[in-house]
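[1] predicted model and sequence below, questions to follow.
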Amino acid sequence: MSSGVEAIKWESDHLELLDQRLLPGQEVFITCNTSSETASAITEMVVRGAPAIGVSAAYGVVLACRDAYDEYSVSWKTKIDAALNELANSRPTAVNLFWALDRMKRLIESLPDQQNPTVALLNEAKNIHNEDVDANKLMGKLGAELMAESADLPFSVITHCNTGSLATGGYGTALGVIRHGWKHRIINHVYADETRPWLQGARLTAWELQRDGIPVTLNADSAAAHIMKQGDVKWVVVGADRITANGDAANKIGTYSLAVLARYHGIKFMVVAPSSTVDMSLSSGDLIPIEERTAEEVTTIQGIQLSPEQVDAFNPVFDVTPAELIDAIVTEQGVVLKPTLEKMKALLG
Ligand SMILES: CSC[C@@H](O)[C@@H](O)C(=O)COP(=O)(O)O
């Protein structure tokens with residue numbers, strides 16, 4: 001089983017990102033030579049998905065420090081704050097961004113001022129990247145095995161947004177569970193919500209699953225209740241952008257509705273995310289900053305005006321699913337069933 005497409009690549013002295021705005025029509029890589037270009041690529045959704053944002057930001061730190069050392073030599077550490085802040089301000093909800101920046105900052109503090117930091121920081125960014133792929137493969141196994149215990153095999157699942165190799169260092173979170181579940185004949189079919197307004201499901205998940213030969217049916221988000229009523233879907237499986245200490249999980253807008261629908265239909269709900277997505281400093285999902293993007297993402301599709309001009313539009317791009325609607329949170333450190341603060345603390349400290 002492949003780890004899927006390689007969407008984030010370090011090439012000798014720069015970062016290359018597969019431009020996810022153009023998929024599936026065009027496969028074009030854009031070059032980031034500076035941390036500022038990396039921050040823009042994150043804001044503009046060239047790269048998206050919580051773990052992928054964290055990995056890209058780590059490479060952005062490499063570029064920031066390399067350039068500061070080239071220009072300012074031994075005082076490089078005093079010249080990187082603006083670049084690191086720009087990366088931190090690129091998107092607000094996915095905590096993987098801040099987790100990766102903190103990890104890079106800890107290494108920066110430990111490096112001597114006289115040393116060119118590029119090699120050490122690049123190694124750390126590559127570690128973050130590779131560890132994410134390893135975590136995804138482990139979560140894929142843990143999540144699919146949990147699913148296998150719950151129902152007659154094989155069955156369909158429904159997923160939301162894109163959680164595959166495009167959204168991560170590689171392989172995927174929820175999509176990693178799907179890849180493992182398909183390989184082991186636990187899952188035989190995937191319903192992919194199209195995921196308005198940015199269409200991550202239609203453009204990215206359908207593309208990734210087709211490339212791997214995994215049977216996928218695309219549906220409008222509003223078809224989910226009708227699909228669940230048919231009876232062949234046994235699990236909803238999604239990723240997360242931030243999970244709080246009590247087990248609430250922020251993910252792409254529309255995830256919360258799926259969780260409510262799943263509970264009504266007796267379908268189980270699984271959140272798959274590495275421990276870098278868990279924010280134990282926040283006590284509940286009410287405290288997660290929810291990104292709002294431009295009205296144009298709702299009033300237009302790929303530049304075509306859908307609504308009347310100037311209509312007011314609200315575009316929150318994440319929502320929070322309360323822990324009580326979640327049957328399992330799968331991390332690389334283990335599984336939390338029916339999450340509570342006590343169970344989250346026991347597993348993730
Ligand atoms: C492994 S990805 C988990 C989440 O990051 C994913 O479901 C999601 O909501 C992505 O949102 P996006 O706005 O596309 O960055």
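    Now that the structure is in, tell me what you want to look at. Residues are numbered from 1 along each chain as shown.
[2] any low-confidence regions in the stretch 1-150 of the chain?
    Scanning the stretch 1-150 of the chain for pLDDT under 70 picks out the ranges 1-2.
[3] strands along that one, start to end?
    Here the stretch 1-150 of the chain has its strands, by DSSP state E, counting those that start in this stretch, at 8-11, 14-18, 29-32.
[4] can you list the residues of the stretch 101-250 of the chain near the ligand?
    Within the stretch 101-250 of the chain, the positions near the ligand by CB under 6 Å from any ligand atom are 161, 163, 167-168, 173, 200, 239-241. All C-beta atoms are positioned from the backbone trio N, CA, C, and that covers glycine.
[5] distance check, residue 207 against residue 233.
    Distance of residue 207 to residue 233, given as CB to CB, to the nearest Å: 21 Å.
[6] and the protein, what are its domains?
    The chain resolves into domains spanning 8-131, 140-348 when parsed by automatic domain parsing.
[7] need the ones you listed in JSON lines with mean neighbour count, can you?
    Converted to JSON lines, these look like this (neighbours: other CB atoms under 10 Å):
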{"stretch": "domain 8-131", "mean neighbour count": "19"}
{"stretch": "domain 140-348", "mean neighbour count": "20"}
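[8] so which of the strands of the stretch 1-150 of the chain is nearest residue 285?
    strand 8-11 (28.0 Å; CB to CB).
[9] just checking, what packs against the closest one?
    Judged by 3 or more CB pairs under 8 Å, 6 or more residues apart in numbering; DSSP states H and E, strand 8-11 is in contact with strand 14-18, helix 50-72, helix 118-148.
[10] ok, 10 Å please
    strand 14-18, strand 29-32, helix 50-72, helix 118-148 (3 or more CB pairs under 10 Å, 6 or more residues apart in numbering; DSSP states H and E).
[11] what pairs with it, parallel or antiparallel?
    Strand 8-11 sits in its sheet next to strand 14-18 (antiparallel), going by DSSP bridges.
[12] tell me the contacts of the residue in the stretch 101-250 of the chain that the ligand sits nearest to?
    Nearest residue of the stretch 101-250 of the chain to the ligand: residue 239, at 2.7 Å (CB to the nearest ligand atom). Counting by CB atoms under 10 Å, 6 or more residues apart in numbering, residue 239 makes contact with 49-51, 94, 139, 159-164, 167-168, 172-177, 249, 251-252, 255, 271-274, 277.
[13] on the three-state scheme, the nearest residue to it once chain neighbours are set aside is what?
    Closest residue in space to residue 239, ignoring its immediate chain neighbours: residue 163 at 3.7 Å, by CB to CB, 6 or more residues apart in numbering. Following DSSP: H, G, I helix; E, B strand; the rest coil, residue 163 is assigned to coil.
[14] contacts only, for residue 163.
    49-51, 136, 172-178, 200-201, 204-205, 208, 237-240, 251-252, 272-273.
[15] and it, how far from residue 228?
    Taking CB to CB, one finds residue 163 at 19 Å from residue 228.
[16] need phi/psi at the nearest residue to residue 232 once chain neighbours are set aside.
    Ranked by CB to CB, 6+ apart and with sequence neighbours excluded, the top spatial neighbour of residue 232 is residue 156, at 4.5 Å. Phi and psi for residue 156, reported as degrees, to the nearest 10, are phi -90, psi 150.
[17] wait, residue 156 sits on residue 188?
    Yes - using CB atoms under 10 Å, residue 156 makes contact with residue 188 at a distance of 6.9 Å.
[18] quick one: the helices in the stretch 101-250 of the chain?
    Using DSSP state H, counting those that start in this stretch, the helices of the stretch 101-250 of the chain run over residues 118-148, 174-183, 200, 206-211, 224-230.
[19] can I get these in CSV including distance to residue 263?
    Shown next, in CSV, are the helices of the stretch 101-250 of the chain (distance: least, CB to CB, whole Å):
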stretch, distance to residue 263
helix 118-148, 17
helix 174-183, 18
helix 200, 24
helix 206-211, 26
helix 224-230, 10
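[20] among those, single out whichever gets nearest to residue 309.
    Between these, helix 200 lies closest to residue 309; by CB to CB that is 26.3 Å.
[21] what about residue 21, distance to the ligand?
    11 Å (CB to the nearest ligand atom, to the nearest Å).
[22] hmm, residue 48 and that residue touching each other?
    Yes - under the criterion of CB under 10 Å, residue 21 makes contact with residue 48 at 9.0 Å.
[23] what do the two both touch?
    41, 198.
[24] which ones are touching the nearest residue to residue 328 once chain neighbours are set aside?
    Leaving aside its sequence neighbours, residue 328 sits nearest to residue 270 (CB to CB, 6+ apart; 4.8 Å). By CB under 10 Å, 6+ apart, residue 270 lies in contact with 143-144, 146-147, 150, 157, 159, 174, 177, 235-238, 262, 326-330, 335.
[25] can you tell me how far residue 270 is from residue 55?
    Taking CB to CB, one finds residue 270 at 23 Å from residue 55.
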